[in-house]
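[1] got a structure for you, letters missing:
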Ligand SMILES: Cc1cc2nc3c(=O)[nH]c(=O)nc-3n(C[C@H](O)[C@H](O)[C@H](O)COP(=O)(O)OP(=O)(O)OC[C@H]3O[C@@H](n4cnc5c(N)ncnc54)[C@H](O)[C@@H]3O)c2cc1C
């Protein structure tokens with residue numbers, strides 16, 4: 001039996017995999033460069049994660065779902081996509097049952113905190129915090145990673161879960177498609193005058209995209225894709241001045257606004273790894289697929305990948321078995337590549353200000369409004385009927 005697994009990165013993907021492998025007779029070491037205090041008490045980072053039904057099911061299976069405060073789970077009843085100031089709206093709701101939510105929104109820091117709590121109770125996981133991987137090697141015989149301070153860990157499988165800029169991926173000689181978008185995503189919670197009714201609204205102006213994600217009554221997350229400098233300037237504004245700015249940027253559709261914060265600007269880079277596996281190696285989370293957040297699938301993919309890999313590893317005599325790792329790589333690629341490419345297409349279409357692109361945008365919305373396409377979009381957002 002060869003069942004020593006080293007996971008690098010205790011972000012949402014690495015923690016999900018460690019939790020999913022619990023009780024599988026594997027010896028798991030999770031290496032994380034941040035100190036334990038930062039992991040145990042993560043501060044709000046402005047990211048509100050839209051979870052699909054498949055992700056909710058996975059989080060229930062992992063025992064993580066009950067760790068979310070119930071009043072911090074916000075149902076997403078409908079998504080409406082507009083084109084600039086045009087009154088036409090593509091409305092996407094649950095294709096299954098009238099009134100069933102499309103998904104739910106939970107803050108990223110609450111997901112990270114709950115996952116860590118679920119992992120820290122496990123006897124088969126050793127968490128090494130405040131330790132950075134400086135070198136990694138993996139071949140048919142085994143794997144080893146060198147940590148800052150000189151410690152070397154040896155194992156039978158190395159899993160890279162160390163972000164879209166994965167250093168481990170580079171150390172193992174695996175390349176990635178890397179697309180700097182040249183824009184940032186600005187996020188901030190805000191209170192507003194008019195109700196959101198649980199509807200997420202997204203629209204495309206000619207110099208930016210805007211989304212309002214419904215949270216508690218009278219509160220939404222304002223999400224703007226802007227050029228880098230504009231996003232940085234907005235994030236640096238005192239909160240008391242930011243509210244009126246956000247009201248203007250959202251065309252006063254929700255009335256007066258008060259910024260609650262935090263206001264954060266995330267520069268955007270999209271990545272897709274050339275391979276998701278190699279000799280005694282697997283890539284999960286953003287290290288495998290670094291999605292653009294506009295289609296809200298980065299963590300959903302990370303969690304699905306962790307579950308998929310754990311399923312394969314659970315009964316493997318040798319966790320470095322090439323067939324198990326290849327099967328994970330092939331199925332995860334097939335499950336993620338279509339939406340990754342579709343998202344790339346959306347991003348290109350909506351950042352192209354030439355007249356043909358603008359006309360095409362309107363046509364796409366109207367085609368999307370056709371009932372069969374609208375139903376398919378609903379199913380995709382909910383991840384029903386898609387392989388998980
Ligand atoms: C604004 C925004 C909104 C988003 N909205 C959604 C959404 O609605 N739905 C959704 O599904 N996803 C969404 N996402 C994406 C989601 O947040 C990410 O996909 C997810 O957090 C990635 O998790 P991860 O564990 O793969 O990587 P990360 O969260 O990047 O974690 C990687 C970890 O590895 C550690 N690490 C890195 N290098 C090393 C090293 N050398 N040694 C040791 N440790 C290391 C890091 O410290 C970190 O803790 C959004 C993202 C953004 C920016």
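    Perfect, thanks for sending it. Please read these numbers as outputs of a predicted model, since none were measured by experiment. Numbers count the residues shown, from 1 in each chain.
[2] which residues touch residue 74?
    The neighbours of residue 74, taking CB atoms under 8 Å, 6 or more residues apart in numbering as the test, are 48, 104-106, 198, 214-216. C-beta coordinates here come from the backbone N, C-alpha and C atoms, glycine included.
[3] same thing but 6 Å
    Contact analysis of residue 74 by CB atoms under 6 Å, 6 or more residues apart in numbering lists 105, 215.
[4] That one and the ligand, how far apart?
    12 Å (CB to the nearest ligand atom, to the nearest Å).
[5] How about residue 240?
    Going from residue 240 to the ligand by CB to the nearest ligand atom gives 23 Å.
[6] So which elements touch the strand or helix carrying residue 183?
    Taking DSSP states H and E as the definition, residue 183 sits inside strand 176-192. When contacts are defined as 3 or more CB pairs under 6 Å, 6 or more residues apart in numbering; DSSP states H and E, strand 176-192 sits against strand 219-227, helix 228-236, strand 257-259, strand 264-273.
[7] quick one: the shortest one to chain centroid distance?
    Relative to the centre of its chain, strand 257-259 is centred 26 Å away, using CA atoms, centre = their mean, to the nearest Å.
[8] hmm, back to that, the strand holding residue 183: partners in the sheet, and parallel or antiparallel?
    strand 219-227 (antiparallel), strand 257-259 (antiparallel), strand 264-273 (antiparallel) (DSSP bridges).
[9] With the ligand as the reference, name the closest of the ones you listed.
    Nearest to the ligand, of all the strands paired with strand 176-192, is strand 264-273, at 4.2 Å by CB to the nearest ligand atom.
[10] on that earlier part again, turn the strands paired with strand 176-192 into TSV, columns for distance to residue 279 and mean pLDDT.
    Converted to TSV, these look like this (distance: least, CB to CB, whole Å; pLDDT from 0 to 100):
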stretch	distance to residue 279	mean pLDDT
strand 219-227	39	95
strand 257-259	50	98
strand 264-273	15	97
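[11] want to try CSV for those, with distance to the ligand and mean neighbour count as columns?
    Converted to CSV, the strands paired with strand 176-192 look like this (distance: least, CB to the nearest ligand atom, whole Å; neighbours: other CB atoms under 10 Å):
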stretch, distance to the ligand, mean neighbour count
strand 219-227, 7, 22
strand 257-259, 16, 21
strand 264-273, 4, 19
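[12] hmm, back to that, the strand holding residue 183 vs the ligand: in contact?
    Yes - using CB under 6 Å from any ligand atom, strand 176-192 reaches the ligand at 185, 187.
[13] After that strand, which helix or strand is next? Please name it.
    Next helix or strand after strand 176-192 toward the C-terminus (DSSP H and E): strand 199-204.
[14] unless I'm mixing things up, residue 232 is touching residue 265, no?
    Yes - judged on CB atoms under 6 Å, residue 232 makes contact with residue 265 at a distance of 5.2 Å.
[15] need the longest helix for this protein.
    Using DSSP state H to define each element, the chain has its longest helix at helix 322-351.
[16] List the buried residues of that helix.
    324-329, 331-333, 335-336, 339-340, 343-344, 346-347, 350-351 (16 or more other CB atoms under 10 Å).
[17] and the angle for it with strand 199-204?
    Helix 322-351 and strand 199-204 are oriented at 70 degrees to each other (axes from the mean of the first three to the mean of the last three CA atoms, to 10 degrees).
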